[in-house]
Structure formats: C-alpha cells, structure tokens
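Colleague: Build the 3D model from these lines:
(2 chains)
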There are 2 protein chains.
Amino acid sequence: MRRSIATVCLSGTLEEKLEAASAAGFDGIELFEADLVNAPLAPAEVRALAGELGLTIDLYQPFRDFEAVPEPDFRRAEAKFDLMEALGAPTMLVCSNVRADAIDDDALAAEHLHALATRAHERGLKIAYEALAWGHHVSTYDHAWRIVEQADHPALGTCLDSFHILSRGTSLDALDRIPGEKILFLQLADAPHLTMDVLQWSRHYRCFPGQGALDVAGLLRRVLATGYDGPLSLEVFNDVFRQADARRTAIDAMRSLIVLEGTPLPPPAPLHGFAFVEIAVDSPEVEDLLRAMGFAHVGPHRSKPVQLWEHGDIRVVLNHGGDAAEVVAIAVQSEDPAASAERAHALLAPPLERRRGSGEADLEAVAAPDGTAVFFCGTDWLGDFLPTGEAAAEGVPIERIDHITLAQPFDAFDEAGLFYRSVLDLRPSEATELAAPDGLVRSRAYARGEVRVVLNVPALANQDRAELQHVAFATGDALAAARALRARGVPLLGVPDNYYDDLEARLEDLDTAPLRELGVLYDRTPEGELLHFYTAPIGGRVFFEVLERRGGYRGYGALNSPVRMAAQRRGERHAEGAGA
Amino acid sequence: MRRSIATVCLSGTLEEKLEAASAAGFDGIELFEADLVNAPLAPAEVRALAGELGLTIDLYQPFRDFEAVPEPDFRRAEAKFDLMEALGAPTMLVCSNVRADAIDDDALAAEHLHALATRAHERGLKIAYEALAWGHHVSTYDHAWRIVEQADHPALGTCLDSFHILSRGTSLDALDRIPGEKILFLQLADAPHLTMDVLQWSRHYRCFPGQGALDVAGLLRRVLATGYDGPLSLEVFNDVFRQADARRTAIDAMRSLIVLEGTPLPPPAPLHGFAFVEIAVDSPEVEDLLRAMGFAHVGPHRSKPVQLWEHGDIRVVLNHGGDAAEVVAIAVQSEDPAASAERAHALLAPPLERRRGSGEADLEAVAAPDGTAVFFCGTDWLGDFLPTGEAAAEGVPIERIDHITLAQPFDAFDEAGLFYRSVLDLRPSEATELAAPDGLVRSRAYARGEVRVVLNVPALANQDRAELQHVAFATGDALAAARALRARGVPLLGVPDNYYDDLEARLEDLDTAPLRELGVLYDRTPEGELLHFYTAPIGGRVFFEVLERRGGYRGYGALNSPVRMAAQRRGERHAEGAGA
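Modeller: Presented below is the predicted three-dimensional model:
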C-alpha cells in the first residue's frame, strides 16, 4: 500500500519536511495548511518539488469549522480548491466543527457537505469528512459516517483517524458498515495511555504506531477489511518530534509503518545473549578496573587498536580510540548473523561500514538512533584476536552480561524503543520514572531471552546531566561476588546506612547485616529477589553492576536507582572538588 | 510566620538542598524521606548541618499506607520515630492510604491513628494526617479532619495541602470548623489548570504559589483565620524544578512566599514605558541597521564603551562589549527609581554592581533570572552621554518601544514570569503556544501600561534552536513606516504570498494588496487590528519589529509568529549556505 506522512509530523521548513519524507521512502504527504502558508514556494512550486522528490500530495488539511453553521463559507473553500488544483492535491480533509455556535443538526451538516462536494466535484476534487474527538457535535467516526451517508455525494467520503477513534474507546463495529470506497483517507497515530484532556493529548503526545498503547494494528485490520486501498498515512502531533531532526523522525516513522503493516521481514534469528560489549577508553582506568575484577586480557585484535577482555562468558572489547570512557557498541550472539543484519536493513537501520583485514570475520553492524553500534555475531569473530594466553582470575563469581543500560538523549525515548523492539525483536517492559538528583529519568527495559537493553532518558533535556551508561554482570551469589571484589580492591559505590535503616523498617524478615556490610542493594517482588551493587564510575560515563536474580525476579532494581544516582552525584562533586 | 520548604522541591544532594534553602532565607525544611535514605549523612549529622545553616527540620514526610489496613505496621512507624528523634523533627506526615486493600472504615482509621499518636506522644512527637487527592477512601481535607476529630488525640492533627484541596475544587467552608491548633502543618503549592489525572498533575506540574491558576492566597487567608500559626511550607513536585539550579529555585520559591504572604513591600512605582533597551554588539551591523531605520547616534557615554541612539521616544544603548548581538538590559522609566529598586531587592532580585564615573547618574539595576539586567531610571541618566548633535531622520514614523521579547531558557518559564510580575508589578496575559519550525514555543506577555515584556520559552529544551530576541517599535502607521524603511534600504523579513492568499480566504472584507506589497502582517480580534512587520535578524540573536495597534488591539500577533519563525529559519539556512 502507499505510505504517506503528514508534514506536521516533521520539523523544519516545508522543503526540509519534503526532503526528509522522500529520503525515508514515503510515497506521499498530507500537506498541513500552516506548512504551506509559511512557505515562500508557490503551490505549483511545491507540487514540482514534491514531484522531483517522488512524492505525491495526497491530502490538503485541515479545512475547519465549515459545516452546520448559519452561513457556510464557500468562498474560503473555493480559495482552497484553487490551491489544491495548483498543488495537485486530490482530496481535502474537512474536520468536524468545533465552534461553539455550530448547530447540532446532522441534516444541515449533510446538506452543507453535499454542496461542498458538488463544488469540489466540478474541479475533480474530493472531500473527506472526519470526526475530531473534540468536535462540538460530531466527535465519533460513526457519527461522521452517518452524515456522509446522508449527504450521499460521489465526491464525499470519510477520513478515519486512529487516534480520534481509539482515544475515545469507540467500538470499531461500525467500521464494517462503511464501504471501503467511501473511506477516502486513513490517518494513523498511536499514543501512550494518558488520562487527560483529549485535545491536549492529541496535540502533544501522539506517537508513531507501536510506540504507544493504542491498538492501531487492530484498527488497521478492520479498515483494510472494508476494502480501503488508499494511503496509510501517519499524522502525529508530538512535541519531541516537532523539534527532532526531520530525517531521523521520518525514518522512525517509516520503520513504524513497516512494522504496523506486517511487511514481510527476515524473521528475527534466535539470540544467545551478548557476544560482547565494546567500550571506548581514553585512559588505563577501565583496563585497571577489569583487571581488578578478575578479567583477563585474552587478546589484541589482529589489525585494530582494540583488545578483548574475558571473564566467564563476559567479553568486553576495549577500544583505545575514545576520548572518554563510553559504551560504543553492543553485540548480540545470533544463530544467523546474516539474517539478523538483513532484518535490520529492512527496518532501515543504517549499516555501518567495517574495515576488515584479510582472514578476519565479516561482522555485520548497524547504528542505533543514538549512534551506538549494534553487531550481529556468530562465533568466528573470536579468531580476529591473537591469543595472549592470559586467564581470568579464580574466585570472582561473575558469569555473563545480564543487561546493558544505555543513556539516551532526551528526545530518543520513543525512537530508540521502536528500534530495539523491531530490529532485535526485544519486548518492552513498563516504563518507570527514576528521581535522580538532577531531574527525573524515564527508564524502560527491552528484552528477549538473555539480551536485555535498558534505555535511560532524561524526562527533560538537561545539559548539565552526566549521562552514565553501565554494563551489568550476572552472578549466582552477589554477596560472594561483593566480598571477592572488595578483597581485590575494586572501588565499589558506597551505599548510605540510611538506605539499610529504611530497608529494615520496610522488610521485617530481611537480614540486612550482610547487605549493609558489603554495600549490596536489595529489591523484592512477588516473583523473586534482586541483590546488586555497583562499581564507582570510571573515566566519565561508564560503570559496572553485579547482580543476582533470585527466583523469578525480572526487574532491574529501579527502586534502588535513586540511591545509586545520588551516590554517583556525590562522587562527581567530590571528584570536581578534588580536581579544583 | 516561619517559612519552610520541602526538600523535594529542590535538585541536588540533600546537602545542596539544605544549602540552597538556607541561602534563600528559609527558616525550616520538610525532609522528604527519599532525600534522607539516599544521603550518607547520619540523621544526627543532618540535624547538625541544618542547625549550622539556620534551618529547623519541621516535618518528616511522607509516611504512607499506614491506617485502615488489617495490620497497621507499628514497627515501621517506630523505626521512623527513631529517625525523627535523631533528626529533631517534631512532626510526621501521614498521608491517606492509597492501597487497593485499604478498608473503607473511618472508625478503624481513627483507631489506628489514635494508636500511632499515642506512641508518638510518648516520644514528644506529633502526627499530621493528610488527605491525598487520590487517596483510596480518604481524598478530601474535610474527610481527613473528621477522622482526626474522631481519633481525638492531643498528638494528632491534620496537615493541609493547597494542591490536594484546590485541585479537587472542594469547598473551603469546612476549614472554619477546624481549630487552628489542630492544623499541624500547611503545605502550599500552586498548579496550572490542566485537565488530567490528578496524580500525574500533582507529581509533575505543581508550581510555586502565584505561578499557576489556583487560589492559594484565598486558601491561605481561610487557614490563617483558623488561628494556624505553624510554618508556611512549599511542597512542589515539578519536573523542571527537579533539574534546575537549586539555589535559583529556592530564591524563586522564597519570592513566591513573600508575594503570597502579602509581606509589606515598597509599592511599585508608576512606570512610564521603557527608558531604553541595551543591546550588546560585536560588529557594526546593528549600528548600520539603526542608522538605516533613521536613528541618530546622539551621544557616546562619558566613561563606558556604550553609545546612545535615539528615534522619537525610542532609546537604544549599544554596548560594544558583546560577542554576539543580544539584548542585555531593559530599562524602565520609573517615577521613583529608588523605590523600584528597593522593591526589587525586597523580592530577592540580585542587585547588579555598576561602576560609575564622577558626576554620572547612579542607575539602580537588578538581574532577571536569565541574566538580563533590569534598570530603574529617572531622567538624569541622559546626562551621562556627551551630545553629538546628530538628529534622527525625518519621515520614519516609529515612536516608542511597544514591547521587548526575551527568549528565555526552557526551564525559566515560571521563574521569569514570577520575577516580572512581582518585581515590576506587570500583569500576565494568557500563555500561548507557537509552532516554530524547530519546535513549540510557549509565549506569555507581562504588561503594565507601556511596559510590556514578552517571554518566549521553548516547550522543550533544544540545543540547536537559535534563540531570538526582539524589540518592537510602535508606529501610528505601519504601512507608511514599511514604505519609509523600504525606501531607506532596511532589510525586512520576507512574507510568503501564501500567507496573503490565506488571509484573503479568511477575511473577505480585508484589502490585502498594500499589506502584500509591503510585507506587512495582519491580525484582527474583536477589540481591534494589528499591522506589523520585522527586520531581518542581525548579528545572531536580535531583530526589530514595527507594529501599529488599531482600536483596542491588546495582543502581540501570536497568530503570525509561525510565519515569521519559518522565514527566519529559512534566512538562517540561507546564511549558512552562503557562508559554506
């Protein structure tokens, strides 16, 4: 089916919007009136530019407050019809009247729309009538359809909008009574569940399908069952997208449509945890920490300035090309790396070019929205490292990478989430909010089997915020691990006594003494328990966590994140003080 | 009365919060439990630190989900009482139970609270019971009071919270039945009118009294009438304050209390418009533009590298010490500059030190939250400039400064608003949202007589945004002014033909030809009309507007801001392209 996007979804000037839509592979656009009004291009020039970019102008929108008033403004409509002819836009969106003086009279609305459609028809144009969820008298799609049916004009049909329908929880059953050819346009948007005024919800918090909580896929199936074969068009008002890079947003939008449509994709290959995590470093600090944690430097790369460090099934690649310590790549162990990469490419993940020496493994990689490289590994890549013969220390019970927490820019919450859900086929958990000392952080985990990625995103942008990333190592015995690491002199993050006092007050049956002694944090859910602790942050942005999941504990210790964040903030201040 | 602030209002570590509260002059704090739990200081150390800073710990909060359950957790309560003794905190806040399994039984709740108060009493502590607006069974203050009354214990009283009361629109009449001594604590918070889930509204959008739409002052009067003489304490959960500088937030909070209490302040002196606006410049561009607009350089300053430019009643001071063109100071013409400055100081506006030469005017100035200097001028300051004898050009009908629009950091919307409202006694207009090509902008005007300041704030932080400021000059004839400026070669911002096509479609009776010819924008309200136009932006951040208000037009042409912003964005891109 044809794919379209409303210009209001994208930031920038009209030209930038069109270029972004074209670059992401859209077939057409809905032209939002203000984007034309604010542009210096004549309508014919807009048409020509769109044509050059391979885009059709599928809809001119919105035409407001026309029907069911004492004197409908045909003059204004004809002026817009002139525009549409110059634009080559076949269909005008008329949305239900929101004026306080609109008359509650379906017959009158139908009469006015019939007259409007008659005028449109003379020019070869069509009118698509849509119910706004906050329309004064007409606020449901089935009501709008009854008026269209009553008006009964070949140039008049309805426009359906998933947000307006699903936000009100209207039954979808009336869709079955609308002939597909009378649905002139389908607008698609998702939204998170928010209990708020529907107009504000619509204007600020819509998102692309799959990023929210509405059953857009279910609605699409019902609409396609009517025989509708017009464009699938995204119309998303979102404060973040309005200011994000238009090209990135357009790709995010297209990825969402690809998933929504159920476009055939290479199936997600089975994954077996993380093959490795790559950390850029600019000093020996991370190396020293890994050594202290019992890791072995098992090999330098044949041709690149990177080193492989190992402990149990944990592999950390250190890349000596950074200018601060940060996670620059995550690698999943795939049963079929080529298929994983093909799926990623089909989902518009930008491929990363890799230089490789002769005889070296051809590692496929793509870039996540924040620039982190995502590698798809088999097992042959280990041969790229020359053996040093070093072995990991005994007696430190850490076993594998449990999860990797990536700090994202504040405007990447939805985009990065959809990337990991679709490209790696990870499943999201509920989003949580963490009260950090320098602002709220939204956190959401995405997981499949042993591949778990946690995205931490400031609720609001904060230029002063130190964005920390971390790699969490699984252990079968957190207390033993903490004891071993302390004995080896690993600097661990301090936990206040007040934390343990509160834990004791809350949980009568818990023996907090060993936790307190070792600085181990604790959480409990009906499914199980979590014991975990952290190293002090090193070299700027990175630290490590060690965690033990007992029973069926599935979370990430979000309850304890504020105590960690406060301690890190103190450490940072302390370090600043020391440096001064 | 004593002034207190909840630690949750402020960003940072507990130590930073206490220091900020002390620096702003608070007498006490409410200690939010998480702030203690996350701190490495022992309770006695917190007490000592607070004491050193001149702060008492007035409340320990919150103690949740205690009453009206099958087995109230006295053990947890006793652990917190231990803490409170060490902290020297006399009162614990118990908020109404939100658990799904809480029992709807006032007698049981009263029984549990009585037992809790009995235990508290043994230690010389008190319990303040508060209704959360989203409490499971107890959600209104009068219901909480009935339970307290029923429990009838000398160590038990109620805590009132203006948000919980006013957000639900509960009648205040029941306040008259609560004896003042049974109100153990008063928490004050404002909030904007939002139609949304009250829990989310409360947790994210509270603001300081005077920054929102709730009648906090009315509630305070009613509470004081009961005889309450405990602290006035701010408890504000706000996503922006959580990440803003704690010292700035604490001052903002104190300013809000000073205004709310009706603390006697030097009355606002009558103002007679703007004495001048000061623009820092780093190139001759602004000078050239002023010259082209008909301004005269009437004098260099006796001792500073600044020049005075004049046209009609407009005075622009150019400061050659900048590294980009930007508005660095606004000056109001006050009938009593000393009184204006005293009022500002009483409202905690930081005074700016001015160097001045012998015989020069002593200009009082304070810093606005974004660093802009605000001067209070009489008339003697003009003598500080040596006369050049230049005169403004004839035939350019611009007369005085109508308003000054300041771009603020995204986190300064409420703080800067309160500053201008209180310090200059300006009255706010409704906030509007402007769809700029790189994101939504919130805009709000503050005015008294001829002093009008418009604050433009990005809805979300955007590091890429070019923040533009402008000075708007009033004219009695915008068309004549545009014609004159064009003739003089002033570069004006281009307005798309599409804008005029849309204007014609909307307003049948309007002759758009002269507007279109001259690039003049138009707006109409029931009160009057606006004709206005803009110069192209110069030297980075500044441009000028010329506007004609016809009839009683009181707005600022917000409807036309998006077309201006789109044109500016294009200009910027164009300039970048030209430079490349």
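Colleague: For the rest of this, base every contact and every neighbour count on C-alpha atoms.
Modeller: Will do.
Colleague: A:Glu450 - nearest residue in space that isn't next to it in sequence?
Modeller: Once flanking residues are discounted, A:Glu450 sits nearest to A:Gly273: 4.5 Å by Cα to Cα, 6 or more residues apart in numbering or on different chains.
Colleague: Which strands border the helix or strand encompassing the one you found, and is each parallel or antiparallel?
Modeller: Here A:Gly273 sits within strand A:271-280, counting by DSSP states H and E. Looking at strand A:271-280 with DSSP bridges, its partner strands are strand A:314-319 (parallel), strand A:326-334 (antiparallel).
Colleague: Now tabulate these in a markdown table and tack on mean neighbour count and mean pLDDT.
Modeller: A markdown table is the format used below for the strands paired with strand A:271-280 (neighbours: other Cα atoms under 10 Å in any protein chain shown; pLDDT from 0 to 100):
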| stretch | mean neighbour count | mean pLDDT |
| --- | --- | --- |
| strand A:314-319 | 22 | 96 |
| strand A:326-334 | 23 | 95 |
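Colleague: Quick one, which of the ones you listed gets closest to B:Asp477.
Modeller: Set against B:Asp477 and scored by Cα to Cα, the strands paired with strand A:271-280 come closest in strand A:326-334, at 60.0 Å.
Colleague: contact partners of the closest one?
Modeller: Contact partners of strand A:326-334, identified using Cα atoms under 8 Å, 6 or more residues apart in numbering or on different chains, comprise A:269-281, A:340, A:371-379, A:406, A:451, A:469-470, A:540-542.
Colleague: mind running it again at 6 Å?
Modeller: Strand A:326-334 is contacted from outside by A:270-280, A:372-378, A:541-542, using Cα atoms under 6 Å, 6 or more residues apart in numbering or on different chains.
Colleague: go on, stretch A:281-290?
Modeller: A:Asn319, A:His320, A:Gly322, A:Asp323, A:Ala324, A:Ala325.
Colleague: okay, the residues you listed in TSV with secondary structure next?
Modeller: Converted to TSV, those look like this (DSSP: H, G, I helix; E, B strand; the rest coil):
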residue	secondary structure
A:Asn319	strand
A:His320	coil
A:Gly322	coil
A:Asp323	coil
A:Ala324	coil
A:Ala325	strand
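Colleague: Take the residues you listed and, keeping just the buried ones, write it as a ChimeraX select command.
Modeller: To isolate in ChimeraX the members of the contacts of stretch A:281-290 that are buried, counting by 16 or more other Cα atoms under 10 Å in any protein chain shown, one can use:
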select /A:319,320,324,325
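Colleague: Burial check on A:Arg221, number of neighbours?
Modeller: 11 (other Cα atoms under 10 Å in any protein chain shown).
Colleague: repeat for A:Arg444
Modeller: With other Cα under 10 Å as criterion, A:Arg444 counts 21.
Colleague: ok, now how distant is the residue nearest to A:Glu450 from B:Asp288?
Modeller: Per Cα to Cα, to the nearest Å, A:Gly273 is found 65 Å from B:Asp288.
Colleague: Pick out whichever of these two has more residues nearby.
Modeller: Each of A:Gly273 and B:Asp288 has its neighbours counted (other Cα under 10 Å); A:Gly273 has more, 21 against 13.
Colleague: show me the contacts for the more buried one.
Modeller: Residues near A:Gly273 by Cα under 6 Å, 6+ apart: A:Val332, A:Gln333, A:Glu450, A:Val451.
Colleague: repeat that for 8 Å
Modeller: Counted by Cα under 8 Å, 6+ apart, A:Gly273 has contacts A:Val332, A:Gln333, A:Ile401, A:Gly449, A:Glu450, A:Val451.
Colleague: what's the answer for A:Met92, then?
Modeller: A:Leu59, A:Tyr60, A:Gln61, A:Pro62, A:Phe63, A:Leu125, A:Lys126, A:Ile127, A:Ala128 are the contacts of A:Met92 under Cα under 8 Å, 6+ apart.
Colleague: Please, a ChimeraX command that selects the buried ones among the residues you listed?
Modeller: Filtering the contacts of A:Met92 down to the buried ones (16+ other Cα under 10 Å) takes a single ChimeraX command:
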select /A:59,60,61,62,63,125,126,127,128
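Colleague: can you give me the helices in the stretch 301-450 of chain A?
Modeller: In the stretch 301-450 of chain A, the segments counted as helices under DSSP state H, counting those that start in this stretch are A:337-346, A:413-423.
Colleague: Could you save those as a markdown table and add columns showing mean neighbour count and distance to B:Arg99?
Modeller: Listed next are the helices of the stretch 301-450 of chain A as a markdown table, based on neighbours: other Cα atoms under 10 Å in any protein chain shown; distance: least, Cα to Cα, whole Å:
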| stretch | mean neighbour count | distance to B:Arg99 |
| --- | --- | --- |
| helix A:337-346 | 21 | 44 |
| helix A:413-423 | 21 | 30 |
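Colleague: what would those look like in TSV with distance to A:Ser256?
Modeller: Formatted as TSV, those follow (distance: least, Cα to Cα, whole Å):
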stretch	distance to A:Ser256
helix A:337-346	12
helix A:413-423	7
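Colleague: Which among those helices is found nearest to B:Leu116?
Modeller: helix A:413-423 (44.1 Å).
Colleague: Mind giving me the packing neighbours of that closest one?
Modeller: Under the contact criterion of 3 or more Cα pairs under 8 Å, 6 or more residues apart in numbering or on different chains; DSSP states H and E, helix A:413-423 touches helix A:246-261, helix A:337-346, strand A:427-428, strand A:439-448, strand A:451-458.
Colleague: Please enumerate residues in contact with that helix?
Modeller: The set of residues external to helix A:413-423 that reach it, using Cα under 8 Å, 6+ apart, is A:207, A:210-211, A:249, A:252, A:256, A:259, A:268, A:340, A:343-344, A:347, A:349, A:368-370, A:426-428, A:446, A:455, A:457.
Colleague: out of the residues you listed, which are buried?
Modeller: The buried subset of the contacts of helix A:413-423 - by 16+ other Cα under 10 Å - is A:207, A:210-211, A:249, A:252, A:256, A:259, A:268, A:340, A:343-344, A:347, A:349, A:368-369, A:426-428, A:446, A:455, A:457.
Colleague: circling back to that earlier point, quickly name whichever of the contacts of A:Met92 is closest to chain B.
Modeller: Chain B lies nearest to A:Phe63 out of those, by Cα to the nearest Cα, at 11.4 Å.
Colleague: Test my guess that that closest one contacts A:Val94.
Modeller: Yes: assessed by Cα atoms under 8 Å, A:Phe63 is found in contact with A:Val94 at 4.7 Å.
Colleague: give the contact list for A:Ala77.
Modeller: By Cα under 8 Å, 6+ apart, the neighbours of A:Ala77 are A:Leu116, B:Ala505.
Colleague: swap in A:Ile279?
Modeller: A:Val316, A:Val317, A:Leu318, A:Asn319, A:Ala325, A:Glu326, A:Val327, A:Val328, A:Ala329.
Colleague: What distance do you get for the closest residue in space to A:Gln211 that isn't next to it in sequence to B:Lys304?
Modeller: Sequence neighbours aside, A:Asp414 is the residue nearest to A:Gln211 in space, at 5.9 Å (criterion: Cα to Cα, 6+ apart). Separation of A:Asp414 from B:Lys304 (Cα to Cα): 52 Å.
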